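Visitor: Any chance you can model this:
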Amino acid sequence: MNEDLVGALHHVELWVPNLERAKAEWGWILTSLGYSTFQTWAQGISWRKDGTYLVFEESPALSSREHQRTAPGLNHVAFTAGSEQRVDALVEEGRRNGWQPLFAEKYPYAGGRGHYAGYLVNSDGFEIELVANK
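Guide: Presented below is the predicted three-dimensional model:
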């Protein structure tokens, strides 16, 4: 066993209401951040970077077709995105890839002073935070 990996995030699985839309919207940002397609199957897809991967599945066991980021459960996923200029570019490009800005009136400091980040929400209500390197 590699003790350096103990406690490291292995994967996150998100159930989505529309797999094709998830492939387009999530695929864009994950590919932009250096992830590659890892696995595919009829109801799902995953993208991997280093030892961590994200799974998106349109499960037949879904109890709802709506994700509410303000309900109990997942609020958002945050990624280190590079420089402040890279965050700006990704936020702008996000608009063309199914993502809309959140907290635009406070951009880029919606997370507080000294925390340069863009917050985006996709068509299904999932939120991502793109954080600039310090």
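
Visitor: When you work out contacts or count neighbours from here on, use the C-alpha atoms and nothing else.
Guide: Noted.

Visitor: I would like the residues contacting the helix ranked longest in the chain, please.
Guide: What stands out as the longest helix in the chain, according to DSSP state H, is helix 19-32. The set of residues external to helix 19-32 that reach it, using C-alpha atoms under 8 Å, 6 or more residues apart in numbering, is 16, 36, 43-45, 47, 56-58, 90, 94, 97-99, 122.

Visitor: Can you give me the buried ones in it?
Guide: For helix 19-32, the neighbour count (16 or more other C-alpha atoms under 10 Å) marks 19, 22-23, 25-30 as buried.

Visitor: which among the residues you listed gets closest to E105?
Guide: Lowest distance from E105 to the buried residues of helix 19-32 (C-alpha to C-alpha) belongs to I29, with 22.4 Å.

Visitor: Mind pulling up the pLDDT for E66?
Guide: Looking at E66, its pLDDT reads 89.

Visitor: Also L5?
Guide: For L5, the pLDDT comes out at 77.

Visitor: list the contacts for V12?
Guide: 53-55.

Visitor: Who does it form a beta bridge with?
Guide: L54 (DSSP bridges).

Visitor: what's the distance between it and N75?
Guide: 13 Å (C-alpha to C-alpha, to the nearest Å).

Visitor: With W99 instead?
Guide: According to C-alpha to C-alpha, W99 and N75 sit 16 Å apart.
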